[in-house]
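Would you be able to build a 3D model of this:
(chains A, B, C and D)
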Protein chains: 2
Amino acid sequence: MKNINASGLKMTPQRVAILEYLHGNTDHPSAEDIYREIGKKYPMMSFATVYKTIETLKNRGELLELTIDPARRRYDPDTRHHHHLICVECKKIVDIYEDFQISVPEDHACSFEMIGNHIEFYGMCPECKKRKEPDLWENSPVTSAEQQKREGANRNSVLPAVNKTL
Amino acid sequence: MKNINASGLKMTPQRVAILEYLHGNTDHPSAEDIYREIGKKYPMMSFATVYKTIETLKNRGELLELTIDPARRRYDPDTRHHHHLICVECKKIVDIYEDFQISVPEDHACSFEMIGNHIEFYGMCPECKKRKEPDLWENSPVTSAEQQKREGANRNSVLPAVNKTL
DNA sequence: CTATTGACAATAATGATTATCCTTTGATAA
DNA sequence: TTATCAAAGGATAATCATTATTGTCAATAG
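Below you'll find the model as predicted:
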């Protein structure tokens, strides 16, 4: 928490704010999420600064860029090897720390030098599941207003069609 | 080959061209790839038509949208469940048909209703590997021109930082 | 034959991300 | 402590992928 970084990175109030926001964060925020949240405390922060800091952290290997959400890039400050479970409905992302022992058999690997892997699990979170099954709750009148208010997540993005596979 | 689709989708020359291009294609092309390639035969085709056709096919479950490449969406006409191996250097994507038996343990699944999964493997293809190891070939003078000409793939995109994890 | 519908092309609009340009500031060493 | 200077910030323009809009055309239903 204190010396968030020590190695040759010039510390500025903006960076401290971003690093503090990111530290321990498991929300997988987008650049806009970061900008909006930090803007509450530091309204003078520029969007460009957010992007530039993200770029710097990425290059230093301190921040991962997730491509799960086709509509925007999301970031994960936990650089340990892990996987992700995404709700196809509200796009909530949950970390999965299970160590799956998967590897491509030699004959399928096309002589690639393997570097790593990342698993995307698709599912529906309990909240969305309940909301999508009004059958169980009689003909519960779900207003469109209610449909919107799902904690920040529900943007206008299409989900990765991979979901539609199965 | 003739009536490429039978179920209520109006066939037009543009759609036939797109479907023919996609049929059996394993290049995982982007919208622009499709537009550019088909434009060779039908120069009057609009980019909007490509996007709309993609959208239609996606909704019909005949085309998968891949989110592996953060810079652009790529499409896969093979809707069978399979995974992908991407070259972190030239972004070439190879299909992996191995059936990995992975599942998130109950206690990690956060009560999600599981729908499916998709594995992204990262690696370096033989071509890029050789190009990146001039050590083995004396101090071979790799011109930047040579670096460019790698078959169409090498765009200006950053690779998913997940790669940098390993 | 005319109305309707879906698809097309052209093009404008949007949204995320990157680049530019100039000012400010943190870290270092005199 | 202060001078210095490259690195970082802010404002904003530019770019790139994608989506939306609008008017036209063609095939088909009535």
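
residue ranges with poor pLDDT in chain A?
A:1-7, A:134-166 (pLDDT under 70).

For the residue nearest the centre of it, which residues are in contact?
Central residue of chain A (CA atoms, centre = their mean): A:His28, 2.8 Å from the mean position. By CB atoms under 8 Å, 6 or more residues apart in numbering or on different chains, A:His28 lies in contact with A:66, A:74-76, A:84, A:93. The way it works is simple: take the backbone N, C-alpha and C, and place the C-beta from them, glycine included.

State the three-state secondary structure for it.
coil (DSSP: H, G, I helix; E, B strand; the rest coil).

before we move on, what about the one 4 residues further on?
Reduced to three states with three-state DSSP, the structure at A:Glu32 is helix.

Determine the number of other residues adjacent to it.
By the measure other CB atoms under 10 Å in any protein chain shown, the count of residues near A:Glu32 is 12.

Next one: the closest residue to it other than its chain neighbours from A:Ile18, what distance?
Nearest non-adjacent residue to A:Glu32, counting by CB to CB, 6 or more residues apart in numbering or on different chains: A:Arg72, 7.2 Å away. Computed as CB to CB, to the nearest Å, the A:Arg72 to A:Ile18 distance reads 17 Å.

For these two, indicate the residue with more neighbours.
A:Ile18 (25 against 15).

could you say which helix or strand contains the more buried one?
Following DSSP states H and E, one finds A:Ile18 within helix A:13-22.

Give the next helix or strand downstream of the helix ranked longest in chain A.
Counting residues, the longest helix in chain A under DSSP state H turns out to be helix A:47-59. Toward the C-terminal end, the helix or strand that comes next after helix A:47-59 (DSSP H and E) is strand A:64-66.

so what strands line up beside that following strand?
When sheet partners are counted by DSSP bridges, strand A:64-66 sits next to strand A:74-76 (antiparallel).

List the pairing partners of whatever helix or strand comes next after the strand it pairs with within its sheet, with orientation.
Sequence-wise, the next helix or strand downstream of strand A:74-76 (DSSP H and E) is strand A:83-87. Strand A:83-87 has its sheet partners listed here by DSSP bridges as strand A:93-96 (antiparallel), strand A:113-124 (parallel).

Serialize these to CSV and add fields for mean neighbour count and distance to DNA strand D.
Shown next, in CSV, are the strands paired with strand A:83-87 (neighbours: other CB atoms under 10 Å in any protein chain shown; distance: least, CB to the nearest atom of the strand, whole Å):
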stretch, mean neighbour count, distance to DNA strand D
strand A:93-96, 19, 20
strand A:113-124, 20, 17
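
Redo these as TSV? Include distance to DNA strand C.
Compiled in TSV, the strands paired with strand A:83-87 are given as follows (distance: least, CB to the nearest atom of the strand, whole Å):
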stretch	distance to DNA strand C
strand A:93-96	15
strand A:113-124	17
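
what's the closest of the contacts of A:His28 to DNA strand C?
Of all the contacts of A:His28, DNA strand C sits closest to A:Arg74, with 8.0 Å by CB to the nearest atom of the strand.

Pull the contacting residues for the closest one.
By CB under 8 Å, 6+ apart, the neighbours of A:Arg74 are A:28-30, A:65-66, A:68, A:93.

circling back to that earlier point, what is the distance between the helix holding A:Ile18 and the centre of its chain?
18 Å (CA atoms, centre = their mean, to the nearest Å).

the domain parsing of chain A - what is it?
A:1-79, A:81-166 (automatic domain parsing).

wait, does the shortest one contact DNA strand D?
Yes. Contact of domain A:1-79 with DNA strand D is found when judged by CB under 7 Å from any atom of the strand, involving A:9-10, A:12, A:14-15, A:42, A:44-49, A:52-53, A:56.
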